[in-house]
Each structure stands twice: as C-alpha cells, then as structure tokens.
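In: mind folding the following:
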Amino acid sequence: MFLIIVIALSQGYPRHVFAIEEMAARSAITEWSILWSESKMIPDHVPAQGEGWMENSAQTYEPFKPYGKPSIWIQMKIPEINSASPGLLIDKLQGKQVAVYADHVKIYESTRTYNYELNYILLPLHKELLGKDLHIWLETPKDHVNVEGKIFVGEYHDLLNRFVKSNMADIILGSAFIFIAMSMMICAFFLNRKYVYAVLSLSFVILSVGILIFTYSPFLYTIFNEYGNLYTLLYDCSLFVFMPSIILFFEIIFGSGWRGIIRTVRKIQIAYSLFCVLLMLVNQWTSNQWFDVYYFFSVQVMGIAIAIQFLLLIGSSLYYAVKGNKDAVIFNAGFAVFAMISLGELLQYIISRGSYNLFLWKWGVVSFIIALVIILGRHFANNHKQILQYSKELEMFNNELQRSEKMEIISELAASVAHEVRNPLQVTRGFLQLLTGKAQTAERQYLELALVELDRASGIITDFLTFAKPEVGKDTVLSVSEEFKHIEGILGPLAHLQGGKITVDIPENIMIRGNSSKFKQAFINIVKNSIEALGEEGKVHIRCYRQQNQVFIHVVDNGEGMGPEVLARLGEPYFSNKTKGTGLGLMVTFRIIEAMDGDIYFTSKQGVGTDAVITLPAAGE
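Out: Residues are numbered from 1 along each chain as shown. You can find the predicted model right below:
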C-alpha cells in the first residue's frame, strides 16, 4: 500500500506542479506594497494610500516588523483575466488573524485561537472586481511576516481543483498510515505475547505519523476551520507519542544500547511527554492563558529533544550496522532519509523562529516506515526460524533420550542375566569337550558344531557384559599408531579374503589415554564392519590427525555404503543390516568411545562408501 501511494503521488505530482506553474505564469501576483499597522484587531476599513507604504515582491526578503507594529497591510492589483467565474487563491500565508478586502470591501476574515498560522485562502470573485485593489490584513505574534507561496487569480473551479489536489496527498498518506496502524493494533491482540510489544510500538509509530501528516495539512484548516483547535491537539498528542514509541521499538529490536542509554532516554522521553500533556490540559482548561509556557516546552524544547534523540538513534544504529546487524543496515537506510530531512527542517524551523512550514518530512517518513515494517517482518521470520531450529533440536534430544532409555534397559538386562547364562554354558561346553574325545568320527562333527555355537553364544554374552560395564578399565597413555599396527595385523588377513586391503596413515606422535584392549575392541568392530562392506578391490583407509586438544580418527571405505535411514539407526540395540548380525558390536563400540569421553559419527552414501569419524581427547603433554 505504501508503494502504491508513493508511486501514485510521484506520477501525479510533477504534472500538478507543471499545471500550477503554467497557470501562475498567466495570473500570478508577484508584486505588492506593504504598510505596518498598530492594530491588533481586524480593521473595518482599508487605510488610504500615502506615506509609509513600501514596495515589495516575491523576490525580496521577508520584511521584519518594527517594534510596536503587530500587523501588516499588503496591497496589490487584481489582474484582469478572461473568466466567467474568477477566483482568488492565496497560498501559504502565515498569520493568526487574516482579513481580505476587495475594492475596499471586506470579503474574508479569520481569527484562530489555536497554534496553527498557515493559511490557504480560496475565494470567488465578482467579475467587476477584476483590475481593482486587493488588500490583505495580517496579524501574527512572530517578529517578521512571511508570504511564502504565491497569489493566483484564475478560474475559480480550476483553482479549487488544484487546491484540493495539492493537499490531497497529505490526506491520503495520513489516512493510509492511520488505517494500517489500526489494523496492526487489532492483529496484535491475536499474536504471541513475545511479539505484542514490537507490533504495538510500531503501530503507535505509524499511527502518530499518520495523525501528524493528516492534521498538519492546510486542507482541514481551510475547509473545516471550526475544528482547528481539535486538529492542533491531535497533532501535539501524536508528537508526544511518536518519540517514546520509536525509541521503544528500537530498544525491542536492537537492545537497550551502551550501558542502557536507549532505555534511559526512553524513560526520560515518556516522562517529558506526560509533562507536555499535563501542560496542554492546563492550557486548554485556562483558555490559552498558559500558551507561551506550553509553546516553549512543547515546540521549542521538544524540537531540540527530538533532534538529540534522532542523533542518538542514528549513532546507535550505525554502531550495530558496523557490527554486522542486517536489521540495523535496513534501519539506517530508511532512518537516514527520514532523520536527515527532519533534522534539516527542524533546524530551519528554529532558525526561522517558527515561520518555516514543515513539509518535506512526510516524504522521508514513508521510506522510514517501510524500513520499520521490513525490520519487523525480519524479526518475525528470524523468530520463526529459531522456533524451527528449537523443534529440530528437541526432536534430536528426544531421539537421544529414547536411545539412552533403550540402552539402559539393555544394560540392566545384561547385568542381571549374563552371568547366570554364562555359567551353565561353560559347564555344558566342558562336558561336550569330554564327549568329543570319546565320540566316533561321525558324532564328533556334530559335537564340534555344537561347541562353535556355544562359543558364539558366549561371545554374545561377553558383548552384553561389555555393554553393561563399558568402563575402559585402567587408563594408560596409548600410541594410536602402535594400537592400529596390532589392529591391522589382526584384520589384514580378513581384508585379503574379502579381496580388499587396509592402509594406515597415522603419525607416530599422536597419543591418547585409555585401555588398550577396549580401544582395540572398539576399532576392530568398526574396521571389521568396513571390511565386510567391501566389494572386489575394496579399500579401507585409516588416517589420524590432531587439532588442538582433540584426536580425529577416520576409517574410510569404498564399500556399498548406507542410506540415511540406516545411518540414523546405527548403534541401536539389535539393529544390524547384516544377515547374521546382532547389532551389539557397534552398540558396544559406541559405549566404549563414550566411556573414553569421545564421540563417533558416520557419513555415508550408497554405492560410494562410508566414513566413520571418531574424536578422542588427546593425552596431556
């Protein structure tokens, strides 16, 4: 919606300016005479021509008021134009009391009791007034008189059309901001508590900006002049809400700043805004008797405070941007345009002693609001990303918990049953050995097969006991290179039978702490699994290196590999992708590595091979 408004305005505005300039070239009044006056009330008649009148024009400097002269007369000639319904448009005339006289007859007067001195005056003219004298009486408390715009005479309906168009941008832009802010406030009630303050603070920023743009437009004061006091009150309240809201939003997104300076400034600004609101209520209650005090604190002091806070936010956002915060970069991009324009206009307003008409800031604020909405959207997206990450981690922890529970069950089962089962197995094996010596040749074959199966059962029970008590025993300093020489000697023949070979690349100076037999048992299981996965001309490559205080051991094969579903279940009790496997060997390996304060993980791809990576603490120097 913001972009649509900006594009529409940017396309329509140049044509409108061109049309105004073209009309001004035919019917603009650019020269007049001025006369200072002591009157503080709207006069009933026009002063006579004589001494004291001074020539002036649109190209000369603003005339300063002499002491004791609160008002001024401006006299000019109404140009003669060919029009059936002529009109007069006075653009940007500063003054609290204004009266217009045509041919010495009063045709317009306005007295404002509220603090808004910008006047747009659009009047129809009788055709017989063309070519006559036009007098404007103007009273203002400022020390100089400013005729900012131009005075046009032309077709009344054409002037009305252009007046509406020139001010409609403020109405559309302000209304759009107010609508968006109200929609965001309604949506905030349905959001998680974590996001409510961020959305509400941005909503108040957008709402206050919308009301500021809407109530600053001269269109309302020209067409609905009777509600002028209400417009100025709304404008002041929006200004009091704007700064605390934007600082709160900044604090929510970026933090409280160095030593909590952003939080401190926010609290001070909230207190000062409440103080200004109290002054506003007192001034309204006393019928503007405290206006000078209220004007000093709500306009002059507030303007300086806003300028200081803009500089603080710019400096803080630049600091965060330098540290790599992407939201701060976006904030700077929008805020720089808005803040620099606003600072320039505030300084111009202060230098001109309040006569400057603030109008550029509304275009800078569009880019700033868009930047804030983008930042809030990124804030939501990052939080959603974190929630997804937390969900994945929670799922991983849940899987790890289930695995630990399974292992605990197996451990208890092994501890309670293994010893009792091994004793009758050993007795049975002893008697079978005796029977083997006395048996006939045919019977001996069956007895030897029974002994093999009993030995296999005994090995499974041994694995159970190892799993139940995975302590590595008495620790010693082990040379990884020496340990793998033994492992290579044991498993080398098995690799040759499979049609493959084992290569070892381990430096001599890498040491770890552990139990030699348990270390060999763990890596024999890993290397044996790699050998069994080999095809023809397969290869198992073992390499080792040290990084800081960790020793990394890679067992890499070019075997058949595994899919993701198999990798995810490695180490589970009774899970094996081998026909006669029990899954206990790799489970025991995991427990041994875990008891040595190490870690193990696998990467694999079907048809390519597997890489088992084991990390162990390095032995102290």
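In: so where's the stretch 101-250 of the chain uncertain?
Out: 142-149 (pLDDT under 70).
In: mind running it again at 90?
Out: Applying pLDDT under 90 to the stretch 101-250 of the chain picks out residues 103-105, 108-133, 138-203, 205-206, 208-240, 242-243, 245-250.
In: could you pull out the strands in it for me?
Out: Along the stretch 101-250 of the chain, counting by DSSP state E, counting those that start in this stretch, strands occupy 105-111, 118-124, 133-139, 151-155.
In: shouldn't Ile512 be in contact with Asp475?
Out: No - applying CB atoms under 8 Å, one finds Ile512 not in contact with Asp475, separated by 9.5 Å. Heads up, the C-betas are built off the backbone N, CA and C, glycines and all.
In: of the two, who's got more company?
Out: Of the pair Ile512 and Asp475, Ile512 is the one with more neighbours under other CB atoms under 10 Å, namely 22 against 14.
In: gap between the closest residue to Gly174 other than its chain neighbours and Tyr235?
Out: Closest residue in space to Gly174, ignoring its immediate chain neighbours: Phe214 at 3.0 Å, by CB to CB, 6 or more residues apart in numbering. For Phe214, the distance to Tyr235 (CB to CB, to the nearest Å) stands at 9 Å.
In: tell me which of these two has more neighbours.
Out: Phe214 (23 against 20).
In: residue contacts, that one?
Out: Listed by CB atoms under 8 Å, 6 or more residues apart in numbering, the contact set of Phe214 reads Asp170, Ile171, Gly174, Ser175, Ile178, Leu220.
In: can you redo those as TSV with neighbour count and distance to Glu448?
Out: Putting the contacts of Phe214 into TSV (neighbours: other CB atoms under 10 Å; distance: CB to CB, whole Å) gives the following:
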residue	neighbour count	distance to Glu448
Asp170	20	103
Ile171	15	103
Gly174	21	99
Ser175	14	98
Ile178	18	95
Leu220	20	108
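In: ok, so of these, who is nearest Gly131?
Out: Ranked by distance to Gly131 (CB to CB), the contacts of Phe214 are led by Leu220 at 33.7 Å.
In: one step back: could you check how far the residue nearest to Gly174 is from Val241?
Out: 14 Å.
In: sitting in helices, which of the contacts of Phe214 do you find?
Out: Those of the contacts of Phe214 mapping onto helices are Asp170, Ile171, Gly174, Ser175, Ile178, Leu220, per DSSP state H.
In: and the two most separated of these?
Out: Longest span within the ones in helices among the contacts of Phe214, CB to CB: Ile178 and Leu220, 13.6 Å.
In: ok, the closest residue to Ser256 other than its chain neighbours - how many residues close by?
Out: Spatially, and ignoring its direct neighbours in sequence, Ser256 is nearest to Arg263 (4.2 Å; CB to CB, 6+ apart). Burial of Arg263 is recorded as 15 neighbouring residues (other CB under 10 Å).
In: ok, the contacts of Phe214 vs Ser33, which is closest?
Out: Each of the contacts of Phe214 was scored against Ser33 by CB to CB, and Leu220 proved nearest at 32.2 Å.
In: what's the burial count for the closest residue to that closest one other than its chain neighbours?
Out: Nearest non-adjacent residue to Leu220, counting by CB to CB, 6+ apart: Tyr231, 5.6 Å away. Burial of Tyr231 is recorded as 20 neighbouring residues (other CB under 10 Å).
In: same check, this time on Asp505
Out: Asp505 has 12 neighbouring residues, counting by other CB under 10 Å.
In: and it, what is it in contact with?
Out: Contacts of Asp505 by CB under 8 Å, 6+ apart are His541, Ile542, Arg543, Cys544.
In: wait, isn't the second one in contact with Gly492?
Out: No - with contacts defined as CB under 8 Å, Ile542 does not count as touching Gly492, sitting 11.7 Å away.
In: and the two? Which one has more around it.
Out: Ile542 (23 against 16).
In: just to revisit the earlier point, overlap in contacts of Ile542 and Gly492?
Out: Common contacts of Ile542 and Gly492 (CB under 8 Å, 6+ apart): Ile502.
In: sorry, back to before: now the ones in helices among the contacts of Phe214 as TSV including distance to Trp285?
Out: TSV is the format used below for the ones in helices among the contacts of Phe214 (distance: CB to CB, whole Å):
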residue	distance to Trp285
Asp170	30
Ile171	31
Gly174	28
Ser175	31
Ile178	28
Leu220	24
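In: element containing the spatially closest residue to Gly492 that is not a sequence neighbour, please.
Out: Counting by CB to CB, 6+ apart, Gly492 lies nearest to Ile502, which is 5.7 Å off, once chain neighbours are set aside. Using DSSP states H and E, Ile502 falls within strand 501-505.
In: and for Leu454?
Out: helix 441-468.
In: what of Asn332?
Out: Under the criterion of DSSP H and E, Asn332 resides in helix 326-351.
In: Trp53: how many residues sit nearby?
Out: 16.
In: now do Gln49
Out: Residues lying near Gln49 (other CB under 10 Å) number 11.
In: confirm it sits in a helix?
Out: No - judged by DSSP: H, G, I helix; E, B strand; the rest coil, Gln49 forms no part of a helix; its state is coil.
In: check what pLDDT it gets.
Out: Note on Gln49: pLDDT of 78.
In: residue for residue, what is the longest helix this protein has?
Out: Of all segments of type helix in the chain, defined using DSSP H, the longest is helix 361-438.
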